[in-house]
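Undergrad: mind folding the following:
(2 chains, ligands or ions: 2)
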Amino acid sequence: MSTNLIDHAIPQEAATILPERITRFPFPFSADSYRYSTNIEPALKPVSTEAGGWGTRLLDIDEHYLQELGERAAVLQRDPSRLQVLPHMRPAVWDAITTLLPIMADEHPETMSFERKGDSCRWQNRLHNLDLEFTAGVDASLPAEPLLFLGSQIQDDIALLDQRENALWLDAGLVTFAADWSLGFDVGMKFLEVHGPVPRVHDEQIITRAQQFLMNLQPGEKYRRTNWTMTVGRRLDTSTETYPEWAQDRSAVVTDPALPDRLHLRVEVQHLIRLPHSGAILFLVRTHLLSLADIARVPAWRERLGRVLAELPPDMAGYKGISRYREAASAWLLAG
Amino acid sequence: MTATALLAGGLKLQVAEVTAQTPSITSITFTDPAGGPLPAYVPGSHLLVQCGDGVNAYSLTGSGRSPSDYSVSVLRVASGAGGSAAMHRLRAGDRVLVSRPRSAFTPMATARHHLLIAGGIGVTPMLSHARAAAEWGMAATMIYMYRPAEGAHVPELRELLDTRLVECTDRGSFRQALAEKLSSQRLGTHLYVCGPAAFMESVLASARELGWPETRLHSEPFGTPELDAGQPFRAKLTRSGIQVEIPAGVSLLEALEGADVGVPNMCRKGVCGECSVAVLRGTPQHRDLYLSEDQKASGRTMMCCVSRSLDQELELDL
Ligand code: HEM
Ligand code: FES
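TA: Numbers count the residues shown, from 1 in each chain, chains lettered A, B, ... in the order given. Ligands and ions are numbered 1, 2, ... in the order given. I've put the predicted structure just below:
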């Protein structure tokens, strides 16, 4: 993290009182306007921001860990279709488990540990009071369906893509925190079809380039990108299935004096990993929400987000679902 | 070829065991000298091994799941460049530099059945596939053609595949077995073939004649080959007034950074478009995924994280 940036950008006193949810927030903008690009970079590269920094871990665990995993379990209870595993993806799911648990243990040794001898594995996660012995590749040795189990250990949403016939296919996933899309609808689709609704990216060849890049990844290679939108409330489940529950908030918030507390910048840190044994592409989506009120505590962010929102072309704002309130949000931020 | 760059991130391993498979094929097993586990690999992967004065690629014969060793089998080629002879001279305890496993011949996850066809030393990636199929409870059948007394890995294959292994030691019986298997496969079978070029060609031709769709025939690595180290060249930076030498195996971006000439960059893989530099003179060798064909043809911009030069010198607007 960049102590020097903190020193220079904001007074020392202010820096020390900012909470971690702000200092570690992956603020995604590097300019006053935002356009789609193939914004892929190597994973684990440290990023410094005006408030602190992020990016040195693949699996980010924060203060919301237990609460978010509780929410995921509740969403799955209500709607089991958020889990999809086409039968041929079983080996890829196991590959994801045996790849991610050791990484998480390495990155969080105070609370987690992983040991493996042959196919016998032991996983300890003190945040869950869990001490589990299981056999790699044997579904019944886990307390739940394997991908459900993995989704109960990490805050990220998970997607797995199979590579065949010169394309990538979204053939498995556990996605409870989608930003207005539906895994149940997309499962079995090609990468290019999944991105069908996104404006601009097809003319600009952004998605075909991304697919080519992903298909060339060698086992073990890890990359990441960020994506962003906005959400009313600290609501993680904004999938298409629950649209009726959250859609009206988008109009109601415009005139609400509590707009700065209710409206959140929603940033997804997405990891792209070629799994070592199955050869599948693992796509992790870790969603971070930060209210405009919190954003405004970092003056540089306040101004930058205000400008990005004011400048964003209507088709992109429409696609992101932020057209109704983006002017109000921008006005509040820039009035600061 | 691609040697230096690939071996840079590679592994230093120790020869644990050398076993003669046949009079001309030897299996060599490598382990981590510290006794640690090795990176998993996709079935059908290969290793680049530095041995003698060359670097050669050999298929790994294990399933790739949580390996504690890497095994390859090497045919001694009398006329070869000498790599195979040097490999045959390895003894337990020798240290070698190997690349990380590289995947290029992946089993299809959606296959209902794998039909594996091996000719001679081409059996090595097929053995890897057969082992992985057995571990995941997937159906696999193999036709294995070898010259009498030159069948490597036969006992393991018999145990793995039992009646689903057809061994042939002459062309006639191979042709017959192939015709029979090609016409009796159920829907959803994928065919994989490895062996001498002529052998692979004739197997694929027979399959096509019998109506097998291309999507179910696998003989070539998919994906693009790793970018090779390339030729050395020089970059003349007109605005900074300096020259930078770019050796083979070092990217232009890295060389510029080494000379304290920063260029904005992101992916370092030729896909994001951040690191473009304007070319004033000389012909770039484009190796990126970002520029369009037209832009590449014009030669006025290049992505310095992956692209190089066709000329000995490039003049850049930096
Ligand atoms: C590899 C796995 C990936 C999966 C499964 C995936 C999936 C998705 C999905 C489901 C959407 C929402 C589409 C909708 O509205 O229905 C989306 C949006 C998008 N994706 Fe991806 N994506 C992946 C990787 C990438 C990569 C590598 C890029 C690189 C450019 C990319 C760029 C985008 C963009 C620009 C959007 C629009 C986002 C917005 O404006 O909110 N995606 N993706
Ligand atoms: S850094 Fe992305 S194209 Fe070169």
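Undergrad: just give me the neighbour total for residue 87.
TA: Answering for chain A, as no chain was given. When counting by other C-beta atoms under 10 Å in any protein chain shown, one arrives at 9 neighbours for A:P87. C-beta here means a position set from N, CA and C on the backbone, and glycine is covered the same way.
Undergrad: I was thinking of chain B, sorry if that wasn't clear
TA: 25.
Undergrad: residues touching it, list them.
TA: B:T26, B:I28, B:V49, B:C51, B:G52, B:N56, B:Y58, B:V74 (C-beta atoms under 8 Å, 6 or more residues apart in numbering or on different chains).
Undergrad: list phi and psi for the second one.
TA: It stands for B:I28. phi -130, psi 130 (degrees, to the nearest 10).
Undergrad: looking at it, it is touching B:V74, isn't it?
TA: Yes: if you go by C-beta atoms under 8 Å, B:I28 and B:V74 touch, sitting 6.5 Å apart.
Undergrad: can you tell if the top helix by length along chain A touches ligand 1?
TA: When chain A is parsed with DSSP state H, its longest helix is helix A:90-107. No: applying C-beta under 6 Å from any ligand atom, one finds helix A:90-107 separated from ligand 1 by no less than 13.1 Å.
Undergrad: and the next element down the chain from that helix?
TA: Using DSSP states H and E, the helix or strand that follows helix A:90-107 in sequence is strand A:112-117.
Undergrad: could you dump that following strand to PDB, C-alpha only?
TA: Presented in PDB, the C-alpha positions along strand A:112-117 are these (Å, rounded to 0.1, in the frame of the first residue of the first chain):
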ATOM      1  CA  MET A 112      -7.200 -20.800   7.800                       C
ATOM      2  CA  SER A 113      -5.100 -23.800   7.000                       C
ATOM      3  CA  PHE A 114      -5.000 -26.500   4.300                       C
ATOM      4  CA  GLU A 115      -3.000 -29.700   4.100                       C
ATOM      5  CA  ARG A 116      -3.000 -32.300   1.400                       C
ATOM      6  CA  LYS A 117      -1.500 -35.800   1.100                       C
END
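Undergrad: now it: buried residues?
TA: A:M112, A:S113, A:F114 (16 or more other C-beta atoms under 10 Å in any protein chain shown).
Undergrad: specify which member of those residues is nearest to chain B.
TA: A:F114 (12.1 Å; C-beta to the nearest C-beta).
Undergrad: is the closest one bridged to anything, and to what?
TA: Counting by DSSP bridges, A:F114 forms beta bridges with A:W123.
Undergrad: which residues touch the spatially closest residue to A:A280 that is not a sequence neighbour?
TA: Of all residues not flanking A:A280 in the chain, A:A92 sits nearest, at 3.6 Å (C-beta to C-beta, 6 or more residues apart in numbering or on different chains). Taking C-beta under 8 Å, 6+ apart, we find A:A92 in contact with A:L160, A:D162, A:D171, A:A172, A:L275, A:S278, A:A280, A:L282, B:A109.
Undergrad: show me what from chain A comes close to ligand 1.
TA: A:36, A:38, A:159, A:161, A:170, A:181, A:186, A:194-195, A:197-198, A:201, A:206, A:210, A:214, A:225, A:227, A:229, A:272, A:281, A:283, A:319-320.
Undergrad: out of the residues you listed, which are inside strands?
TA: A:A159, A:L161, A:L170, A:R225, A:N227, A:T229, A:L272, A:I281, A:F283 (DSSP state E).
Undergrad: in terms of pLDDT, where does the first one sit?
TA: The predicted structure scores A:A159 at 98 on the pLDDT scale.
Undergrad: could you list the low-confidence segments of the chain?
TA: No chain was given, so I picked chain A. Chain A contains residues with pLDDT under 70 at A:1-16.
Undergrad: chain B, not that one
TA: B:1-6, B:8, B:79-82, B:220-227.
Undergrad: for stretch A:62-77, buried residues please.
TA: Applying 16+ other C-beta under 10 Å to stretch A:62-77 flags A:H64, A:Y65, A:E68, A:L69, A:E71, A:R72, A:V75, A:L76 as buried.
Undergrad: about what we covered before: quick check: the two most widely separated of the contacts of B:M87?
TA: Farthest pair in the contacts of B:M87 (C-beta to C-beta) is B:T26 and B:G52. Separation: 14.6 Å.
Undergrad: out of these two, which sits in the more crowded spot?
TA: Shown here are B:T26 and B:G52; by other C-beta under 10 Å, B:T26 has more neighbours (21 against 16).
Undergrad: beyond the helix or strand where the more buried one lies, next helix or strand please.
TA: Assessed by DSSP H and E, B:T26 sits inside strand B:25-31. Downstream of strand B:25-31, the next assigned helix or strand under DSSP H and E is strand B:46-51.
Undergrad: show me what the following helix or strand past that following strand is in contact with.
TA: Next along the chain after strand B:46-51, taking DSSP H and E as the criterion, comes strand B:54-59. Strand B:54-59 has contacts (C-beta under 8 Å, 6+ apart) with B:1, B:3, B:7, B:44-49, B:72-74, B:81-84, B:86-87, B:102, B:105, B:124-125, B:128, B:194.
Undergrad: many thanks, I have nothing further to ask.
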